[in-house]
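Enquirer: build me a structure from this.
(one chain, ligands or ions: 2)
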Amino acid sequence: MTKVAVFSAGSWGTAFSLVLADAGNDVVLWARREELADAINSTHQNPDYQPGIQLPPSVSATHDVEKALAGAEVVVLATPSQTLRGNLTEWAPHIEPDSVLLSLMKGVELGSLKRMSEVIAEVTGAGPERIAVLSGPNLSPEIARREPAASVVACEDEDVARRLQDLCHSPAFRPYTSVDVLGCELGGAYKNVVGLAVGMAVGLGFGDNTTASVITRGLAETARLAMALGANPLTLMGLAGLGDLVATCSSPLSRNRSFGEKLGKGMTTDEIYASTRQVAEGAKSCSSLLALARRTGVDAPIAEHVDAVVAGRLTAEDMMEAFIARDTKAETD
Ligand SMILES: NC(=O)C1=CN([C@@H]2O[C@H](COP(=O)(O)OP(=O)(O)OC[C@H]3O[C@@H](n4cnc5c(N)ncnc54)[C@H](O)[C@@H]3O)[C@@H](O)[C@H]2O)C=CC1
Ligand SMILES: O=C(CO)COP(=O)(O)O
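Expert: Numbering: from 1, shown residues only. Ligands and ions are numbered 1, 2, ... in the order given. As a prediction, this is how the structure comes out:
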């Protein structure tokens, strides 16, 4: 049995622990709060992030970093993107030297504009053959209920991607391999920003023509930036691109879409933050993705307008009007 350490016990870390356990691994889930680790061990449920879901016996929880990491061949990272650098700096000295680091996160760091795999490389010094990402249409409540879903596990070293694919292939979860780490990460981070825009349209009371238009132009914007940075265009048409975009933008379970819906209904960003404990990565990554697009010389109207609404410089209504009023152009430009 492979020992896998999962950091941390939020919605996705908990649901993915169940996938890993179903796939035959010994899973240790690290929780930031000791009382949550105790609750998971005594009830086999995570009442804060996946209430009502029974975790398999091969999932145990701990608040002790060293204990979680000792002997772990794979370390899964599922914290909010903006805290990863700080968290990993504390954890890195205890990570086994040959272990593989698998990121489940979908964001881009503010300030540095680094993707999560880049932050992991910088903080741990691990080479590309030890760093992988998993991304796809994987809304955690559905994964936790074992509803069938697919995903992509990407690593520059294809053998490592295959090893991780075997590691998380369960009766309900089907991972595909890829070597396009950058494309998977940008697809995952960008779909959250598009999800915010779609949520705003929903909050304003608009229907399927509007949301389909934003989704499609969102995919074009994602592909434009990702390809300029070297991604394989086919990645954006796959599970980590179109697949995740469709899941996020269509589902009321998406925190990013819900966040956008609240903005569309007139709530402020601060009011929304105060109303939930869960992360909506797009509310921060709209700014870092916009900066990345500007640095790359790529037009990013959705990131630009979403960033302005999140920052309170524009209303959601004005954003939708601005989308329609922009200079007209060819679809493929
Ligand atoms: N929930 C989902 O359906 C999916 C989430 N993801 C991605 O996974 C990542 C984690 O998301 P979720 O688990 O959904 O978030 P969450 O909000 O449900 O949980 C976040 C976890 O991080 C911990 N945390 C919060 N602030 C922290 C800090 N300052 N230091 C250390 N830990 C901290 C929390 O205690 C919690 O365990 C995000 O990048 C998200 O985009 C990816 C696919 C699916
Ligand atoms: O990444 C996700 C689904 O694939 C989860 O989306 P939200 O973070 O918007 O809930």
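
Enquirer: what is the mean pLDDT for stretch 127-137?
Expert: Average pLDDT, stretch 127-137: 98.

Enquirer: pull the CA atoms of it into CSV?
Expert: The C-alpha coordinates for stretch 127-137 follow below in CSV (Å, rounded to 0.1, in the frame of the first residue of the first chain):
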residue,chain,number,x,y,z
GLY,A,127,12.7,19.0,-10.2
PRO,A,128,9.9,18.7,-12.8
GLU,A,129,10.0,14.9,-12.5
ARG,A,130,8.8,15.2,-8.9
ILE,A,131,6.0,17.8,-9.6
ALA,A,132,2.6,17.0,-11.0
VAL,A,133,-0.9,18.6,-11.2
LEU,A,134,-4.4,17.2,-11.3
SER,A,135,-7.1,19.2,-12.9
GLY,A,136,-10.5,18.6,-14.5
PRO,A,137,-14.3,18.8,-13.9
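
Enquirer: and that stretch, what's buried?
Expert: Across stretch 127-137, burial judged by 16 or more other C-beta atoms under 10 Å covers Arg130, Ile131, Ala132, Val133, Leu134, Ser135, Gly136, Pro137. Every residue, glycine included, has its C-beta placed from N, CA and C.

Enquirer: how long is stretch 113-129 end to end?
Expert: Length of stretch 113-129, first residue to last, C-alpha to C-alpha, to the nearest Å: 22 Å.

Enquirer: tell me if that stretch is near ligand 1.
Expert: No - figure legend: stretch 113-129 not in contact with ligand 1 (C-beta under 6 Å from any ligand atom); closest approach 7.7 Å.

Enquirer: how about low-confidence regions in the stretch 1-150 of the chain?
Expert: The stretch 1-150 of the chain contains no residues with pLDDT under 70.

Enquirer: for it, just list every one of the helices.
Expert: With helices called from DSSP state H, counting those that start in this stretch, the stretch 1-150 of the chain shows them at 11-22, 34-43, 65-69, 84-91, 116-124, 140-144.

Enquirer: go through those and pick out the most buried.
Expert: With neighbours defined as mean count of other C-beta atoms under 10 Å, these peak in mean count at helix 11-22, which reaches a mean of 25.

Enquirer: so is it next to ligand 2?
Expert: No - on the criterion C-beta under 6 Å from any ligand atom, helix 11-22 is out of touch with ligand 2, staying 7.3 Å away.

Enquirer: tell me the angle of that helix relative to helix 34-43?
Expert: Relative orientation of helix 11-22 versus helix 34-43 (axes from the mean of the first three to the mean of the last three C-alpha atoms, to 10 degrees): 30 degrees.

Enquirer: what about helix 11-22 and ligand 1, any contact?
Expert: Yes - using C-beta under 6 Å from any ligand atom, helix 11-22 reaches ligand 1 at Ser11, Trp12, Gly13.

Enquirer: which ones are touching the second one?
Expert: Trp12 sits next to Ala78, Leu104, Asn138, Ser140 when contact means C-beta atoms under 8 Å, 6 or more residues apart in numbering.

Enquirer: mind redoing it with 10 Å?
Expert: Applying C-beta atoms under 10 Å, 6 or more residues apart in numbering to Trp12 gives the contacts 6, 49-50, 76, 78-79, 104-106, 134, 138-140, 143-144, 279.

Enquirer: near ligand 2, list only the ones from the buried residues of stretch 127-137.
Expert: Pro137.

Enquirer: distance to Val306 added to the helices of the stretch 1-150 of the chain, as JSON lines?
Expert: What follows is the helices of the stretch 1-150 of the chain, written out as JSON lines (distance: least, C-beta to C-beta, whole Å):
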{"stretch": "helix 11-22", "distance to Val306": "22"}
{"stretch": "helix 34-43", "distance to Val306": "32"}
{"stretch": "helix 65-69", "distance to Val306": "35"}
{"stretch": "helix 84-91", "distance to Val306": "22"}
{"stretch": "helix 116-124", "distance to Val306": "20"}
{"stretch": "helix 140-144", "distance to Val306": "23"}
